[in-house]
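Peer 1: Dropping the sequence and predicted coords here.
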Amino acid sequence: MSAQVGVETTLDSSDSSLSQTERAQFPFASVAEELEYYKSYAKKVEEELEESQYALEEFQQSSRELEEELEKEVESTERRYNEIRIRNEAMRQEVQEWKEKYQQAIKESNANISQLTRQLDALKQQTEMFVKKERALEQDNDDLERTERATKWSLQELELKYNATLEKTVILENEVSAKTALVDQVQRLKDELRDANVELAVIKANQTPKISVSSGSLNSDAESTPIGSTNEAMPSLRARLAKNATLQQRTTSKDPSPTANIPTSEAVSTQNSVKAVQDMVGRVK
């Protein structure tokens with residue numbers, strides 16, 4: 001309404017100014033002509049006023065629509081602003097949290113770096129210690145290799161000595177075996193000699209005193225060699241001696257002539273074999 005009043009006031013002022021100007025420019029012949037002119041002019045102004053009112057109404061309508069749109073846009077902008085403000089606050093809080101996390105991560109990283117540095121130093125020390133130990137082990141290994149070579153050389157010498165000793169041992173074993181065989185043979189000969197001495201003693205006991213002088217030397221030879229008693233003889237030897245004694249008695253009883261007391265060829269051969277055995281035993285001893 002204020003705008004409409006302003007427009008009407010403007011039109012009135014323009015009409016008055018125009019009337020004065022037109023009056024100055026267009027002199028009228030009569031009042032009726034002037035009235036007709038003003039009527040037409042008022043009609044024209046009224047039409048212009050209607051057009052202006054219509055334009056004003058359209059302008060007001062468009063202004064109201066624009067205002068509504070602007071209000072909606074302002075509301076939308078306010079909502080967006082609030083959302084953006086809320087998001088901004090949230091992002092600020094998130095940024096603050098990330099800053100705190102970053103600071104905490106830096107602290108933890110520094111602590112980890114310090115710990116890793118200490119561990120690295122410890123590992124370096126251990127590495128140096130291991131290198132020293134490795135060198136010492138290499139030196140010990142060289143010493144052991146030299147010792148091994150010396151031991152191998154000594155072992156070779158010992159093997160040679162062992163082989164030589166083994167050969168000597170084999171020879172000695174052969175000699176011992178031969179000596180054992182000789183000892184067995186000597187023992188066998190001793191047994192045979194003891195048996196022969198026993199037989200000889202039995203034969204001497206059965207012989208006559210005529211040949212006691214000739215058999216004295218044989219008895220002295222027999223007594224020089226130790227013999228066992230008849231109780232120590234084997235049962236087979238006792239049986240053989242008993243058989244010889246029986247045969248000798250039978251021969252003596254059947255032939256009482258002086259020639260029967262002369263020693264037979266069998267007795268002489270027995271005595272000779274006894275002396276040979278005694279000589280052999282003496283040589284073996």
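Peer 2: Arrived safely, thanks for sending.
Peer 1: C-alpha from now on. contacts and neighbour counts both.
Peer 2: Will do.
Peer 1: And stretch 116-129, what's buried?
Peer 2: Residues of stretch 116-129 classed as buried: none (neighbour count, 16 or more other Cα atoms under 10 Å).
Peer 1: nope, stretch 72-82 is what I meant
Peer 2: Buried residues in stretch 72-82 (16+ other Cα under 10 Å): none.
Peer 1: same question for it, mean pLDDT?
Peer 2: Averaged across stretch 72-82, the pLDDT comes to 90.
Peer 1: Report the backbone C-alpha coordinates of it in PDB.
Peer 2: Provided in PDB are the C-alpha atoms of stretch 72-82 (Å, rounded to 0.1, in the frame of the first residue of the first chain):
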ATOM      1  CA  LYS A  72      13.300 -21.500   2.100                       C
ATOM      2  CA  GLU A  73      16.800 -21.000   0.800                       C
ATOM      3  CA  VAL A  74      17.700 -19.300   4.100                       C
ATOM      4  CA  GLU A  75      16.200 -22.100   6.000                       C
ATOM      5  CA  SER A  76      18.000 -24.600   3.900                       C
ATOM      6  CA  THR A  77      21.100 -22.600   4.200                       C
ATOM      7  CA  GLU A  78      20.700 -22.500   8.000                       C
ATOM      8  CA  ARG A  79      20.100 -26.200   8.100                       C
ATOM      9  CA  ARG A  80      23.200 -26.800   5.900                       C
ATOM     10  CA  TYR A  81      25.100 -24.400   8.100                       C
ATOM     11  CA  ASN A  82      24.000 -26.200  11.200                       C
END
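Peer 1: For the stretch 101-250 of the chain, give me the ranges with low pLDDT.
Peer 2: Within the stretch 101-250 of the chain, the segments meeting pLDDT under 70 span 208-250.
Peer 1: so where do the strands sit in it?
Peer 2: For the stretch 101-250 of the chain, strands defined by DSSP state E, counting those that start in this stretch do not occur.
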